[in-house]
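*Asks:* Provided below for reference: sequence and predicted model.
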Amino acid sequence: MSWLRPFWQGVLAIALCSLAGVLGAMSAPEAAALAQPTASFNYPFLATKDLIFGLLLLAALVSMTKVAPIVEALVLFVGAHWVAWLLISGINGFEGTALAPFFLLLAAAWLLGWRCVAVLSTLRPAANWASAALRLVIPAIFGAWILIIWEAATRGAGIPFILLPPPSAIGARIANSLPVLAADVRQTIFKAVIFGYVVGSGAGFIAAIMADRVPFLRRGLLPIGNMVSALPIIGVAPIMVMWFGFDWQSKAAVVIIMTFFPMLVNTVAGLAASGHMERDLMRTYASGYWQLLVKLRLPAAAPFIFNALKINSTLALIGAIVAEFFGTPVVGMGFRISTEVGRMNIDMVWAEIAVAALAGSVFYGVVALFERAVTFWHPSVRGG
């Protein structure tokens, strides 16, 4: 048995397959067909049930032999995702009829997908392109399984569309509503979010420099910052709409308020992060305040500043969308969400949520990449 290398995900997947085989029917129509053998029934997985069991068992057993990690990951990837596709495509047209074996086999496929990600995370390829590809593939597989489980659960259990539409319906809505979504993104992100983010973060940074230079401002601004940062958006947004009107300017004002104080607090803390020894050394070379600030204190504060920028990248999007609930032209992501909920077009609501999540992730990723380029010398970046 030296060739065998069992792992708990594979053993549990085989156990779930065995239990599903003992329970029998994967759907209510199949159970009815088994109860009346002489009757003619059309039921899901009529031609693919044996294939599903065979793929799961074969992938689990092959991966538990002592094969190369890349071969193991490939076998697990193909087996798990092929089974998931067969389960989802088989239940299509028979929504709400899945029985316990369907979900047991789905869980078994998920366990093999889990093992695939675990094996991939142990690989240390020598080529830089392979390492970069792994960093993309691993989270992609993880995210794909969230969608797979969501799709299979909603279709298999027959969850009402109004409560939770399947990802396929949301994707179809996105594909069919690209002009509307593009107009909403342009109104919310390219006008309100970006303008408010730049102005709010920039103003917070300048205020932090002034507060560091003038102790009176530091003692006065920081307590006010803590208080203002606790203000609820739903209280500030209607006031900004009254002050600046219904267009994107009022949403940008909300974003400015939300992004100003995180930048202020983080930058002030970062400016105090440089060591006394380094400051004393520069003072011995007759360095003035601005030389000390530019050459020592701001580089030391860079991780704090970028932390604020990353936090603000999500706060800005949330603030703009919520502000649009309190008055906006007939365009915008928040406006679309609020109106489509009233019309019970839940797939459109989820489409807006998906686009907002994607835009926020891209925004955060751009800031993170810029941080790596600027603070390449920092230990956290060198180690990552």
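*Replies:* On my side now, so go ahead. Numbering: from 1, shown residues only.
*Asks:* what's the helix or strand where residue 19 lies in contact with?
*Replies:* Remark: residue 19 resides in helix 8-23, with elements defined by DSSP states H and E. Here helix 8-23 makes contact (CB atoms under 8 Å, 6 or more residues apart in numbering) with 26, 53, 56-57, 60-61, 63-64, 99-101, 104-105, 107-109, 111-112, 114-115, 118. For every residue, glycine as well, the C-beta is placed using N, CA and C.
*Asks:* Could you figure out how far the next helix or strand after that helix is turned away from helix 8-23?
*Replies:* Counting by DSSP H and E, the next helix or strand C-terminal to helix 8-23 is helix 28-35. Orientation of helix 28-35 against helix 8-23 (axes from the mean of the first three to the mean of the last three CA atoms, to 10 degrees) gives an angle of 50 degrees.
*Asks:* buried set for the host helix or strand of residue 237?
*Replies:* Per DSSP H and E, residue 237 falls inside helix 233-244. By 16 or more other CB atoms under 10 Å, the buried positions in helix 233-244 come out as 233, 236, 237, 240, 241.
*Asks:* Kindly provide the distance from the first one to residue 319.
*Replies:* Using CB to CB, to the nearest Å, we find residue 233 at a distance of 6 Å from residue 319.
*Asks:* Render the CA-only coordinates of the helix holding residue 19 in PDB, please.
*Replies:* This file holds the C-alpha atoms of helix 8-23, laid out as PDB (Å, rounded to 0.1, in the frame of the first residue of the first chain):
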ATOM      1  CA  TRP A   8      -9.500  13.400   4.100                       C
ATOM      2  CA  GLN A   9     -11.400  15.200   1.400                       C
ATOM      3  CA  GLY A  10     -11.100  12.200  -0.900                       C
ATOM      4  CA  VAL A  11     -12.100   9.700   1.800                       C
ATOM      5  CA  LEU A  12     -15.100  11.800   2.700                       C
ATOM      6  CA  ALA A  13     -16.100  12.300  -1.000                       C
ATOM      7  CA  ILE A  14     -16.100   8.500  -1.500                       C
ATOM      8  CA  ALA A  15     -18.200   8.100   1.700                       C
ATOM      9  CA  LEU A  16     -20.700  10.700   0.400                       C
ATOM     10  CA  CYS A  17     -20.900   8.900  -3.000                       C
ATOM     11  CA  SER A  18     -21.500   5.600  -1.200                       C
ATOM     12  CA  LEU A  19     -24.200   7.100   0.900                       C
ATOM     13  CA  ALA A  20     -25.800   8.700  -2.200                       C
ATOM     14  CA  GLY A  21     -25.700   5.300  -3.900                       C
ATOM     15  CA  VAL A  22     -27.500   3.600  -0.900                       C
ATOM     16  CA  LEU A  23     -30.200   6.300  -0.900                       C
END
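*Asks:* and that helix, how far from the chain's centre?
*Replies:* Distance of helix 8-23 from the chain centroid (CA atoms, centre = their mean, to the nearest Å) equals 31 Å.
*Asks:* What of stretch 98-115?
*Replies:* 23 Å.
*Asks:* tell me which residues of that stretch are tucked away?
*Replies:* So, applying 16+ other CB under 10 Å, buried residues of stretch 98-115: 98-99, 101-106, 108-115.
*Asks:* Out of the buried residues of helix 233-244, which is nearest to residue 314?
*Replies:* Closest approach to residue 314 among the buried residues of helix 233-244 (CB to CB): residue 233, at 13.0 Å.
*Asks:* What sits closest to the closest one if chain neighbours are left out?
*Replies:* Among residues not flanking residue 233 along the chain, residue 322 sits closest, at 4.8 Å (CB to CB, 6 or more residues apart in numbering).
*Asks:* what about residue 182, how many residues close to it?
*Replies:* 11 (other CB atoms under 10 Å).
*Asks:* so what pLDDT did it get?
*Replies:* For residue 182, the pLDDT comes out at 91.
*Asks:* hmm, back to that, between the host helix or strand of the residue nearest to residue 233 and helix 233-244, how big is the angle?
*Replies:* Assigned by DSSP H and E, residue 322 belongs to helix 298-323. Going by the same axes, to 10 degrees, helix 298-323 is angled at 80 degrees with respect to helix 233-244.
*Asks:* tell me what helix 298-323 is packed against?
*Replies:* helix 194-213, helix 233-244, helix 248-271, helix 333-342, helix 346-374 (3 or more CB pairs under 8 Å, 6 or more residues apart in numbering; DSSP states H and E).
*Asks:* Understood, closing this out.
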